[in-house]
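Visitor: structure here, sequence nowhere to be found:
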């Protein structure tokens, strides 16, 4: 820290992204990326923009906004696009939370929420999960005036709330914004976009990073009622009006035109998830029932960190969190069938060596 | 504004980007873009990444950081990369300014400074320009503890301070960060990067948008001493660690490898600027001496807004600001020789019609 760093931020502990080691070629099951490349038309669209990069991107992202609105059945004024969904989350925290509207989120969830809260100096309260790692929706009723953030499905647990549970939260908090972070929704949960027209306090955020194979392009979005989205545009135009670059906007548009390719990939991942879950259970693991492109699993045969390190030594990366309460677990991204077979084979050999 | 919008931001007036109308094909001289496309190797590099977009970008941007450090003669730890230079400016305001370290910048300058200040609720003071529109460096001496931001060259005037004047500001403000925003430095001004190793309070920001034909890719950077840059990384990792997407990182790397192509383009633009300045002066305009890729000009024959509107009607876009004191002027981006000839011909015919 320099002696010039503002006192406002001197307690800030940045987010730690999943490791991207370069010492060897790993099977990467640690950052919830898709194992499938973008579709050919996406690659072509992004590449086609590379020759026009001397021109600014369109700050309104009009084609992409219109297409996204069409796919999700909302009006274009109900959509805001951002440089990854981290950006829409940060914008939403800035717009809808402050000392009078503190944040509330689960104690085990996406690690960026407390960082954004600290960055924006917004007080926050963490509500413990139930013993089975689920979010109890009843803990979020009648917190009115507070700003609620729920990853649904939640990370790194993979568990989700039902739409009717989310609706209860929305109904009982009419004066607080409820942010539903649906980064993983395409892998088996229900989207709250269906509720947007009925609840003015609902903001749904999603990303193209996981189900649409565009983690490296950085594209996220928010959907809500027009007034809420207008506020996010106010923040966006006060931060970085050209936040989405030309190539990414073109890639996102093409990805939405190719929606069936991506939804088919999601089904494949759900099949591979079923295979992985079963195989891990057969090896004595406890696996939380996942509606995401990862599973969260532990065994009493080897501790979480030791398993992570043994897998890494064998060229397989998974994500281990040292946080108390979840340090026995590993979060394993679901890749191709071949990758998951290699993963299971490695786990099996690690367990055998322990005997 | 929704009823949920935080009171913190309710006075926020967002930045207005230059218009991007779509009703016809304009000669765009309004957003300081380069008229030259990226070099072939940049197009190829960006396109090549499109097939790998399922993977996150490298949060350390290692290759690009190393190359940029090499080109600018600094250590990699002295470089931070951002999603356009607006982002590094916003990060710097967050990191180095607050109620105890208010911002100081010229009254006529890049319109985003007061927006970032308001967004981050940092008090700011605007220092008037001299009558000839120049920044008087003596106004910025001994403001110690304040955070000084100077666009050098300044926009929309195009005028610049000398390096020795900037050095005086640095010397007399040892306890305040001095941010030199060099978005336009490659068109004829001296870069303060040469001073970075001697002044721990200096942050230089630049962009690939103008001189390197990458406005639509969004790539900016900051250079300073390691401690200052570490603070900006703390903010970056607390905001959006993957802020630079894969395609843009590859494009930026390739652009640095092709530096001579871009520096030759800058020389061409400086020639076209000389042509434009002379031609405007011959038509009775007053043109500020520019060290940027634009000129700021007025005439008493037609007011600024009327000229802007007449040019637009003829298919030529320039930038007009309604702000008091500069509303008689237009900011005209320097394009190709052919574009500038078309611009001059249009101005000439507009003036003739007034007779």
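Guide: Everything's here; your move. Just so it is clear, the model here is predicted, and its values are computed rather than measured.

Visitor: does the residue in the stretch 251-355 of chain A that chain B sits nearest to count as helix, strand or coil?
Guide: When scored by Cβ to the nearest Cβ, the stretch 251-355 of chain A has residue A:251 as its residue closest to chain B, at 6.6 Å. Where you see a C-beta, it was placed from the backbone N, CA and C, and this is true even at glycine. The assignment at residue A:251 comes out as helix when based on DSSP: H, G, I helix; E, B strand; the rest coil.

Visitor: which pLDDT value belongs to the closest residue to residue A:307 other than its chain neighbours?
Guide: Leaving aside its chain neighbours, residue A:307 sits nearest to residue A:330 (5.9 Å; criterion: Cβ to Cβ, 6 or more residues apart in numbering or on different chains). You'll see residue A:330 listed with a pLDDT of 98.

Visitor: ok, residue A:144 next?
Guide: Value for residue A:144, per-residue pLDDT: 86.

Visitor: is it correct that it is in contact with residue A:172?
Guide: Yes - look at residue A:144 against residue A:172 with Cβ atoms under 8 Å: they come within range, at 7.2 Å.

Visitor: more crowded one of the two?
Guide: residue A:172 (16 against 12; other Cβ atoms under 10 Å in any protein chain shown).

Visitor: what sits against that one?
Guide: For residue A:172, the contact set (Cβ atoms under 8 Å, 6 or more residues apart in numbering or on different chains) comprises A:141, A:142, A:144.

Visitor: the first one: neighbour count?
Guide: Around residue A:141 there are 15 other residues, counting by other Cβ under 10 Å.

Visitor: distance of it from residue A:147?
Guide: 15 Å (Cβ to Cβ, to the nearest Å).

Visitor: run a quick neighbour tally on residue A:128.
Guide: Neighbourhood size, residue A:128 [other Cβ under 10 Å]: 12.

Visitor: with residue A:65 instead?
Guide: 23.

Visitor: just to check, it is in contact with residue A:79?
Guide: Yes - contact criterion Cβ under 8 Å: residue A:65 and residue A:79 qualify, at 5.1 Å.

Visitor: packing partners for the longest helix along chain A?
Guide: Of all the segments of type helix in chain A, defined by DSSP state H, the longest one is helix A:259-282. Packing contacts for helix A:259-282, counted by 3 or more Cβ pairs under 8 Å, 6 or more residues apart in numbering or on different chains; DSSP states H and E, involve strand A:286-287, strand A:294-298, helix A:337-354.

Visitor: can you show me the helices along chain A?
Guide: Using DSSP H, helices in chain A cover A:40-49, A:62-72, A:85-96, A:112-119, A:163-171, A:226-237, A:246-257, A:259-282, A:304-313, A:337-354.

Visitor: nearest to residue A:207 among these would be which one?
Guide: helix A:85-96 (3.8 Å; Cβ to Cβ).

Visitor: and the closest one, average pLDDT?
Guide: Helix A:85-96 comes out at a mean pLDDT of 98.

Visitor: elements contacting that helix?
Guide: Judged by 3+ Cβ pairs under 8 Å, 6+ apart, helix A:85-96 is in contact with strand A:79-82, helix A:112-119, strand A:147-151, strand A:178-181, strand A:202-207, strand A:220-224, helix A:226-237.

Visitor: now the angle between strand A:147-151 and that helix, please.
Guide: In terms of direction (axes from the mean of the first three to the mean of the last three Cα atoms, to 10 degrees), helix A:85-96 departs from strand A:147-151 by 160 degrees.

Visitor: re the thing from before, need the helices and strands packed on helix A:85-96 in CSV (columns: distance to residue B:34).
Guide: Converted to CSV, these look like this (distance: least, Cβ to Cβ, whole Å):
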stretch, distance to residue B:34
strand A:79-82, 25
helix A:112-119, 34
strand A:147-151, 41
strand A:178-181, 38
strand A:202-207, 32
strand A:220-224, 29
helix A:226-237, 24
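
Visitor: need these in CSV (columns: mean pLDDT).
Guide: Formatted as CSV, those follow (pLDDT from 0 to 100):
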stretch, mean pLDDT
strand A:79-82, 98
helix A:112-119, 97
strand A:147-151, 98
strand A:178-181, 98
strand A:202-207, 98
strand A:220-224, 98
helix A:226-237, 98
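
Visitor: ok, which of those comes nearest chain B?
Guide: Per Cβ to the nearest Cβ, nearest to chain B of these: helix A:226-237, 3.4 Å.

Visitor: do the closest one and chain B come into contact?
Guide: Yes - using Cβ under 8 Å from any Cβ of the partner chain, we find that helix A:226-237 touches chain B at A:227, A:228, A:230, A:231, A:233, A:234, A:235, A:236, A:237.
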